[in-house]
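>>> predicted structure and sequence below. I'll ask about it afterward.
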Amino acid sequence: MRSSVSHLLPALVLVAAVAAGCAPVHVPPPGSPVRTLVPLVDGEPHPVSAEEMRMANRDTVVDPLFPSHPVVSDSPDGLWTSENLFKSSVSVIVSDSAPDSLARAASLAVFAHAPMLVYSPESHAAVTSEIERLQARRVLLVGEVGIAQSSGVPTVFRDPGGLTALGKLTAHKFEERAVDKPEDLPAAVAALDGVTPVVLVPRWATHPVETDADVPALPIQTRRDGLNSPVTVASAASPVAAVANARAYGAEVTFLDDPDPRTSDTALAAMIGLADQPLLALGRQFGTEEELAAAIREAEEKSTG
């Protein structure tokens, strides 16, 4: 399983120049030691100068709709990421909270570039309201979701399960990719490329029996970010739906071994220089926006001695 995704790969070899008009980059005083970070990329250590990573991170071109400070998505049901990343969507995928349902729904969401929501009786009103806001025309229900099927607009229908149904839904042949442990699922979702038809299958979960039912087509949309997503980070505690929505939007999600930049070089390499820049952190484990910004600043100070 990859412990970091592609955000760090180009940054590790980028010698960035500070563009005119950009916010000032922190420069250590003359003679200060410059720390070498050793982040993990695909599980392997890649030493890099902290200052080079700071400049590379700040050189990222981001849609101006994102605020110039870290933002933390603390919603476990995908509502926050859906509301903030998708203005509308032809299709929406709604899952229950069972591991097999989450894995399947997330796989479809990333491939179809559609938002994913996690249903519970308590979130019924919020989920149905979000479907309405998105102006969805197709709503796929994965697992035990308490929303009635409908043949109108939107068309609401249940996933029959199995690989055959995925082919009917998308007109693509999916391959299964096993996930060994629950804590590996967010990383597995982050690693989906949105192009290859892959469905994640948790080894530890039971899987519903496939039914031979006809289903409408699930429209395959395109990424929404225009290649201008902010740096986006996740860890093992990140909600599956939040990671899926970030990937469906088009963001590259850097998966961290530890969400705290003060204790992890991988986290610091991903977030250094972004205390006052756009940054999307997926999950409450990153703290509040203010706490995350403060942690980045503290880690930066330590990185320069």
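Done, it's in.

>>> tell me which helix or strand V92 sits in.
Mapping V92 onto the secondary structure by DSSP states H and E places it in strand 91-95.

>>> okay, angle between whichever helix or strand comes after that strand and strand 91-95 too, please.
Past strand 91-95, further along toward the C-terminus, the next helix or strand under DSSP H and E is helix 99-112. Following axes from the mean of the first three to the mean of the last three CA atoms, to 10 degrees, one obtains 170 degrees for the angle between helix 99-112 and strand 91-95.

>>> and the strand holding V92, which strands flank it?
strand 116-118 (parallel), strand 138-142 (parallel) (DSSP bridges).

>>> helices or strands next to the strand or helix carrying A267 in the packing?
When secondary structure is defined by DSSP H and E, A267 falls within helix 265-271. Helices and strands touching helix 265-271, by 3 or more CB pairs under 8 Å, 6 or more residues apart in numbering; DSSP states H and E, are helix 8-13, strand 36-37, helix 50-58, strand 231-234, helix 289-303. Yep, even glycine has a C-beta here, placed from its N, CA and C like the rest.

>>> most tightly packed of those?
Comparing the helices and strands packed on helix 265-271 by mean neighbour count (mean count of other CB atoms under 10 Å), strand 231-234 comes out on top with a mean of 29.

>>> what helices and strands are in contact with that one?
helix 185-190, helix 240-249, strand 253-255, helix 265-271, strand 279-282.

>>> please identify which of the ones you listed is closest to R203.
Proximity to R203, assessed across those by CB to CB, is greatest for helix 185-190 (10.8 Å).

>>> now what about that closest one, what contacts it?
1-3, 5, 99, 102-103, 106-107, 110, 177, 179, 200, 202, 234-240, 243-244, 247, 253-255 (CB atoms under 8 Å, 6 or more residues apart in numbering).

>>> now do the next helix or strand after that helix: distance to the chain's middle.
Following the chain from helix 185-190 toward its C-terminal end, the next helix or strand by DSSP H and E is strand 198-202. Averaged C-alpha coordinates place strand 198-202 at 16 Å from its chain's average position (CA atoms, centre = their mean, to the nearest Å).

>>> what's the mean pLDDT across strand 198-202?
Mean per-residue pLDDT for strand 198-202: 97.

>>> show me what it is packed up against.
Helices and strands touching strand 198-202, by 3+ CB pairs under 8 Å, 6+ apart, are helix 99-112, strand 175-179, helix 185-190.

>>> how about the helices and strands packed on strand 231-234, which one is nearest V92?
Between V92 and those, the tightest spacing by CB to CB is seen for helix 240-249, at 10.6 Å.

>>> the residue lying closest to N228 once chain neighbours are set aside: neighbouring residues, count only.
Excluding its sequence neighbours, the residue lying closest to N228 (CB to CB, 6 or more residues apart in numbering) is D63, at 4.2 Å. Per other CB atoms under 10 Å, the neighbour tally for D63 reads 13.

>>> same deal with the one 4 residues further on?
Close neighbours of P67, defined as other CB under 10 Å, add up to 13.

>>> how much space between it and L279?
Distance, P67 to L279, by CB to CB, to the nearest Å: 10 Å.

>>> now stretch 92-99: mean pLDDT?
97.

>>> so for that stretch, what gets flagged as buried?
Under the neighbour-count criterion of 16 or more other CB atoms under 10 Å, stretch 92-99 has 92-96, 98-99 buried.

>>> stretch 262-271 too?
Under the neighbour-count criterion of 16+ other CB under 10 Å, stretch 262-271 has 262, 264-271 buried.

>>> do stretch 200-219 as well
Buried residues in stretch 200-219, counting neighbours by 16+ other CB under 10 Å, are found at 200-202, 208, 215, 218-219.
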